[in-house]
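Participant: give me a model of this one.
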Amino acid sequence: MRYVAPTRESLDRRVLAVPPLAQWAEFSPFLTESAWPETAALNALLPRESEVHFVAQDKALLDDGLHYEERIARGAIATREANWHDLFNALVWLRYPALKRALNVRQVAEIAAMGPRERSRPQCALTHFDEAGIVVTLQDPAMLAAWDRHDWHALFWTHREAWRSGEARVDIFGHALLEHALTPDKLLVGKALVVMGGGNALATCAQAIASGEILNDPQELRPLPVSGVPGWHAETATEAFYTTAPCFQPVRAGRLYPAALDGTQSRP
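Facilitator: Reported below is the predicted structural model:
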């Protein structure tokens with residue numbers, strides 16, 4: 001069933017006080033003010049040297065015949081007015097421009113190879129990450145092993161202090177995932193890239209995407225029920241949540257995940 005976001009008027013603003021939306025507090029005026037922000041207000045937050053800007057999507061814009069990604073490559077991010085999905089997309093561009101740019105460069109290359117009407121496996125992977133992506137940083141290999149076997153109780157309950165202390169971290173990247181978080185208590189599942197060790201996990205992912213090292217197939221992405229992160233859902237204080245909630249699915253027979261990216265290695 002297609003997700004329908006709440007109207008701006010009916011939004012339960014309590015969702016803005018808990019993760020993941022609490023992590024976007026610097027943009028709260030765009031989410032809470034009665035009027036929808038215009039593209040000019042979003043463009044005002046872009047760095048002066050930005051190669052892209054937000055453009056209101058209308059018939060005149062679409063009549064150029066370009067693919068959405070091709071238009072971005074020319075500097076214009078088509079943005080529908082009064083639209084949660086596109087607003088969150090804009091906020092992600094403002095926070096994670098290197099990741100967004102890496103995805104766009106790869107998408108445009110795939111469009112050139114496949115044509116505008118066909119979609120390759122890399123395009124599907126890039127789109128899945130763009131819409132529902134998360135970057136997870138872990139330090140403890142035991143947590144990755146628990147994730148491999150979908151032992152959600154171990155990952156989130158046994159190791160809950162790692163999540164609370166920030167030793168284990170989730171950064172939400174997918175704008176559709178942020179949009180879904182507008183519905184209170186909705187069980188959220190992201191599609192993850194994993195970085196082990198220290199360093200800048202977001203930069204590590206951006207570089208690996210740009211080089212074509214990752215996101216060549218949707219199966220590279222790991223599902224993670226982010227509602228299980230302690231404090232991200234009201235039920236995370238209850239141990240039984242991790243064995244009864246429908247978002248915590250068992251691993252599919254034969255499903256294997258790729259190795260995590262190494263955040264400790266310098267990347268060119």
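Participant: where in this structure is pLDDT low?
Facilitator: 266-268 (pLDDT under 70).
Participant: domain assignment for it?
Facilitator: Domain segmentation of the chain under automatic domain parsing yields 16-117, 126-262.
Participant: so which of the ones you listed is the most packed in?
Facilitator: domain 126-262 (a mean of 18; mean count of other CB atoms under 10 Å). To be clear about C-beta, it is placed using only N, CA and C from the backbone, and glycine gets the same treatment.
Participant: which ones are touching the closest residue to W24 other than its chain neighbours?
Facilitator: Spatially, and ignoring its direct neighbours in sequence, W24 is nearest to L91 (6.4 Å; CB to CB, 6 or more residues apart in numbering). By CB atoms under 8 Å, 6 or more residues apart in numbering, the contact list for L91 reads W24, F27, F30, H175, L178.
Participant: can you redo the domains of the chain as a markdown table with distance to M1?
Facilitator: As requested, the domains of the chain are exported to a markdown table (distance: least, CB to CB, whole Å):
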| stretch | distance to M1 |
| --- | --- |
| domain 16-117 | 16 |
| domain 126-262 | 12 |
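Participant: Y3 is nearest to which of these?
Facilitator: Nearest to Y3 among the domains of the chain is domain 126-262 (5.9 Å), distances taken as CB to CB.
Participant: now that closest one: how far from the chain's centre is it?
Facilitator: Centroid displacement of domain 126-262 relative to its chain, using CA atoms, centre = their mean, to the nearest Å, is 10 Å.
Participant: could you pull out the helices in the stretch 51-200 of the chain for me?
Facilitator: 59-62, 68-73, 84-95, 97-114, 121-132, 141-148, 152, 160-165, 175-180 (DSSP state H, counting those that start in this stretch).
Participant: nearest to R252, out of those?
Facilitator: helix 141-148 (12.2 Å).
Participant: can you list contacts of that closest one?
Facilitator: Here helix 141-148 makes contact (CB under 8 Å, 6+ apart) with 138, 152, 154-155, 158-159, 162, 168, 194, 196, 222, 224, 251, 257, 260.
Participant: one more time with 10 Å, if that's ok
Facilitator: With CB atoms under 10 Å, 6 or more residues apart in numbering as the test, helix 141-148 has contacts from 136, 138, 140, 151-156, 158-159, 162-163, 167-168, 192, 194, 196, 222-224, 251, 255-257, 259-260.
Participant: what residues are up against the closest residue to L62 other than its chain neighbours?
Facilitator: Nearest residue to L62 in three dimensions, chain neighbours excluded: A78, at 7.6 Å (CB to CB, 6+ apart). When contacts are counted by CB under 10 Å, 6+ apart, A78 touches 39, 54-58, 61-62, 64, 66, 68, 71-72, 86, 89.
Participant: Q207: which of these is nearest?
Facilitator: I72 (19.4 Å).
Participant: ok, now which ones touch A41?
Facilitator: Counted by CB under 10 Å, 6+ apart, A41 has contacts P29, F30, E33, A35, F54, A90.
Participant: of all pairs in these, which one is the farthest apart?
Facilitator: E33 and F54 (17.2 Å).
Participant: re earlier: turn the helices of the stretch 51-200 of the chain into JSON lines, including distance to C205.
Facilitator: As requested, the helices of the stretch 51-200 of the chain are arranged in JSON lines below (distance: least, CB to CB, whole Å):
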{"stretch": "helix 59-62", "distance to C205": "30"}
{"stretch": "helix 68-73", "distance to C205": "19"}
{"stretch": "helix 84-95", "distance to C205": "13"}
{"stretch": "helix 97-114", "distance to C205": "6"}
{"stretch": "helix 121-132", "distance to C205": "9"}
{"stretch": "helix 141-148", "distance to C205": "16"}
{"stretch": "helix 152", "distance to C205": "23"}
{"stretch": "helix 160-165", "distance to C205": "20"}
{"stretch": "helix 175-180", "distance to C205": "16"}
